[in-house]
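Q: this is a predicted model, with the sequence first.
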Amino acid sequence: QFATWEYGPQLRIMNVLNLNWNKSTQLFDNISLNTSYQIVSESRNIRQFNNPYLEQNDEHVQVFGINICAKKSLADELSLTYGGEVYFNDIHSTGKRTNIYTQTDFYHLSRYPSNGSSMIMQGYYGMLRWQKEKLSVVTGVRYALNEINGQFNDSIFGVYFEEININNNALNGSFHISYYPNTKTKYNLSLSTGFRSPNVDDLGKIINKDGFITVPNVNLIPEFAYNSSLGISKSFYVRKEKSIKLKWNGYGTLLNNMIIKDDFFLNGQPNLNWNGVQYAILANRNTNQGLVYGINHSMELKTRHLQIKYALNYTKGIITYNAMPVGHIPPITGNFFINLMKDEFTFSVFSLFNGDKSRTDFGPGNVDNPFEATDNGFPSWYTINTRISSTINSKLNLAISLNNIFDVHYKTFASGISAPGRNLGVTLRLVY
């Protein structure tokens, strides 16, 4: 299908300045100020097989950020954390088509609004923590503001898309309570609300993939989340230096105005012809409600020289009005470890595994990469791995690992690239 499909060299620069003040005042006991500046540049280069035109997209992003956080003890068991943050994103996106024989350049779609776009994210919050011997409560509020602007300076597919000028805000809160009836048991309950304003990627991205083309939809509105989770942790001490720890946690999220990628009409048509290729049109849009729920569980058995542990996670998501699956939901995942510890050495045998994902569980459109799946969906997989590590001294650690011993071919969920086959890794870690 492709003669060329590659990312160009990436440029990533990040500068951070942290200031901390630990002198107690009436307003705070400790305050910190973090400022940051990031530059991210990347490109994509694609040419179809037997096609003389190389399509190139370049993105350049600058991110300016400032964050201030203060902490104050109000009483022996009560403390307050409060602060705010502001982040500014500036995005420049260009595209061109180059004839590889004549080196002549032509116009090509930019991935994001061609006349530039920007996003300002602000958040202001306060959190109270109350801690007693058998009970702790954490509650907080956050006020978020998002402003997004973007402009398309040309006609795309014969359509002049509107400018993006969006201002969204929301007040959200959370409540978390933990109860410790004894030193071996913990119960916890969490309730919270959430808010996600559409970003530039949601609103203005143009991309063609697998016979679909995603176009801008400037009419998106924020989605709101209502979350809850309930968990229990239990420890059993069998004998001296022998213990078993068990954890269970169930969770659920109700999404209002959920943003999904779905079929879309442009100029009243569900398909369009671009550069001689017929595409089905997709766009992000809001749907009524979605429900995401699941459970995770872990266990750890530990003695003086032996540790056995595993973890499992199961998640399900449905669009409530039509019972269709929500996209990007991973199948059941987990891991299993056996660690032997003796003096400064640790020897580990471990497995990472992933359940299968049937095509009936795929989200709408191409969000779950159906063209990269088998006829039945994505198969399950597991790897067997081993690692030995040694603590040379208090500052130096050496680890040697043999990963994917049986050279299994697999892809991690949501990746279009095969994971590494059998490989040997050497890690030297210095702490100073």
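A: Okay, I see it.
Q: distance of Ser351 from Ile338?
A: To Ile338, Ser351 is 9 Å away according to Cβ to Cβ, to the nearest Å. (C-beta placed from N, C-alpha, C; glycine too.)
Q: quick one: contacts for Ala414?
A: Contacts for Ala414 (Cβ atoms under 8 Å, 6 or more residues apart in numbering) come out as His328, Pro330, Asp368, Asn369.
Q: what subset of these is buried?
A: Among the contacts of Ala414, those classed as buried by 16 or more other Cβ atoms under 10 Å are Pro330, Asp368, Asn369.
Q: not counting sequence-adjacent ones, nearest residue to the first one?
A: The shortest distance from Pro330 to any residue other than its chain neighbours is 4.5 Å, reached at Phe413 (Cβ to Cβ, 6 or more residues apart in numbering).
Q: pLDDT score for Val159?
A: For Val159, the pLDDT comes out at 68.
Q: same thing with Asn369?
A: Each residue has a pLDDT score; the one for Asn369 is 83.
Q: that one contacts Ile417, correct?
A: No: in this structure Asn369 lies outside contact range of Ile417 using Cβ atoms under 8 Å: 11.1 Å.
Q: tell me which element the residue lying closest to Asn169 once chain neighbours are set aside is part of?
A: Distances taken as Cβ to Cβ, 6+ apart put Leu145 closest to Asn169, at 4.5 Å, once the chain neighbours are dropped. Assigned by DSSP states H and E, Leu145 belongs to strand 135-150.
Q: can the buried ones among the contacts of Ala414 go into CSV with extra columns for distance to Trp5?
A: Listed next are these as CSV, based on distance: Cβ to Cβ, whole Å:
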residue, distance to Trp5
Pro330, 25
Asp368, 20
Asn369, 14
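Q: narrow these to those in helices?
A: Judged by DSSP state H, helices contain none of the buried ones among the contacts of Ala414.
Q: closest one to Thr427 out of these, please.
A: Closest approach between the buried ones among the contacts of Ala414 and Thr427, by Cβ to Cβ: Pro330, at 27.0 Å.
Q: identify the residues contacting that closest one.
A: By Cβ under 8 Å, 6+ apart, the contact set of Pro330 is Asn313, Thr315, Asn354, Lys357, Phe413, Ala414.
Q: any idea how far Gly83 is from Leu27?
A: In this view, Leu27 and Gly83 are 12 Å apart by Cβ to Cβ.
Q: which neighbours do these two share?
A: Overlap of the contact sets of Leu27 and Gly83 (by Cβ under 8 Å, 6+ apart) consists of Ala70.
Q: still on that earlier bit, identify, from the contacts of Ala414, the entry nearest to Asn99.
A: Of all the contacts of Ala414, Asn369 has the smallest distance to Asn99: 30.5 Å, by Cβ to Cβ.
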